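K.L.:
I would like the atomic coordinates for the input below:
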Amino acid sequence: MQRYTTWSFATFGIAVYLLTCAYTSSSSAGTILIDGANDWILAAPGSDNLGHIGRDTAFQGQYIWRDRQADERTDFSNPDAQQDLLEFRVTGDSSNIYFYARMRDLVSSSGFGATGIQIAIDTDRSAGSGTEFFGGFADTTVNDSARWERLLITRLGSGNSNLIVWDTGFTNQRFVGVTAVSDVNEVIEISLPWSELGLAGPPATALRFTVANFSSETNDDTRDLGGSGISNALDCITNFGNPGTFSNTWDEVSDGRVDYFFDVYFESDGDVYPPLLISEVLPVPSAAQGGDTGGEFI
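P.N.:
Reported below is the predicted structural model:
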């Protein structure tokens, strides 16, 4: 599909350069140190409830989601500020996939009430294939188009620094990976080998993610906050309509489901990239094409 513009040729050239850079493969992905430091420095989106791809001059890339502050569940009398997700990021290298969550006010880095992040990963992106429920009696499901083949659950409730990883149907539970948490930096970092997702390395096709966080029991199950059949999710990645809107997490999970999901593409070295392909350009329309600079397009 052609998108017509009224850019000047100079502006057009800059746009082509940026798009080309976004798709250029990097030579070496940056390995993340899992230490709870707030050092994922690529710029976040400029609006709440919006995700984008950040790339630096070395073409190292991350998926970056900016979540609205104070949109954690407020249907309870005392909203839990330490469950308020502010930012979520994804990247990788040739060996591991990495996740970063920045929270508003981490009070308990472990034990009862600690933040329990669950990341549902749909590896085949086939609607209806996989498992729909989050784990630990969360009373929360994912969208049918994002049913997971792997589910990752942090173990901060029990004070462990690895993850629970479930295969489809809650089979083959494993305690693997690395988690680091800092209540000073308000950060949770996660590292997991690609092999734990059933992959030999960064995948050639996108992975689909659904992310929610919960309050943890000391055995890493989710705390039952609303009774049977009522979602226990306290915050999640969702735009619930449009970026910049001012909805609350309860608007998303009141039906017991997190409908929002996002796809991330990885280069062969693990860096995240936007799947952009420039198929046709017209920088200077000829007389036969009307000779109108307003007819420039990508």
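K.L.:
Test my guess that Ile153 contacts Glu217.
P.N.:
No: Ile153 is beyond contact range of Glu217, at 11.8 Å (criterion: CB atoms under 8 Å). The C-beta positions use only the backbone N, C-alpha and C, and glycine is treated the same way.
K.L.:
Which one's more surrounded, those two?
P.N.:
Ile153 (25 against 19; other CB atoms under 10 Å).
K.L.:
State the pLDDT value of the more buried one.
P.N.:
Listed pLDDT for Ile153 reads 98.
K.L.:
got the contact list for Arg125?
P.N.:
Arg125 makes contacts with Ser145, Thr205, Ala206, Leu207, Arg208, Asp263, as judged by CB atoms under 8 Å, 6 or more residues apart in numbering.
K.L.:
For ChimeraX, what selects the buried ones among those residues?
P.N.:
To isolate in ChimeraX the members of these that are buried, counting by 16 or more other CB atoms under 10 Å, one can use:
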select :207,208
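K.L.:
mind listing which of the contacts of Arg125 are in strands?
P.N.:
Leu207, Arg208, Asp263 (DSSP state E).
K.L.:
As a markdown table, those residues with pLDDT and distance to Asp84 would be great.
P.N.:
Formatted as a markdown table, the ones in strands among the contacts of Arg125 follow (pLDDT from 0 to 100; distance: CB to CB, whole Å):
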| residue | pLDDT | distance to Asp84 |
| --- | --- | --- |
| Leu207 | 98 | 26 |
| Arg208 | 98 | 24 |
| Asp263 | 97 | 25 |
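K.L.:
what sits in contact with each of Ile153 and Glu217?
P.N.:
With CB under 8 Å, 6+ apart, Ile153 and Glu217 have common neighbours Gly136.
K.L.:
Just the closest of the ones in strands among the contacts of Arg125 to Gln173, please.
P.N.:
Of all these, Leu207 has the smallest distance to Gln173: 20.6 Å, by CB to CB.
K.L.:
Now do the same contact list for that closest one.
P.N.:
Ile121, Asp122, Thr123, Arg125, Leu197, Asp263, Val264, Phe266.
K.L.:
what pairs with the residue lying closest to the second one once chain neighbours are set aside across the strands?
P.N.:
It refers to Asp122. Nearest residue to Asp122, sequence neighbours excluded (CB to CB, 6 or more residues apart in numbering): Arg208, at 3.7 Å. Beta-bridge partners recorded for Arg208 (DSSP bridges): Asp122, Asp263.
K.L.:
Same question for Val272.
P.N.:
Going by DSSP bridges, Val272 forms beta bridges with Phe266.
K.L.:
burial of it, as a residue count?
P.N.:
Neighbour tally, Val272, other CB under 10 Å: 24.
K.L.:
Tell me the spacing between it and Phe266.
P.N.:
Using CB to CB, to the nearest Å, Val272 is found at 6 Å from Phe266.
K.L.:
which neighbours do the two share?
P.N.:
Gly92.
K.L.:
Spatially nearest residue to Ser268 (excluding sequence neighbours)?
P.N.:
Pro202 (5.9 Å).
K.L.:
That neighbour is in contact with Val264, isn't it?
P.N.:
No: judged on CB under 8 Å, Pro202 makes no contact with Val264 at a distance of 10.4 Å.
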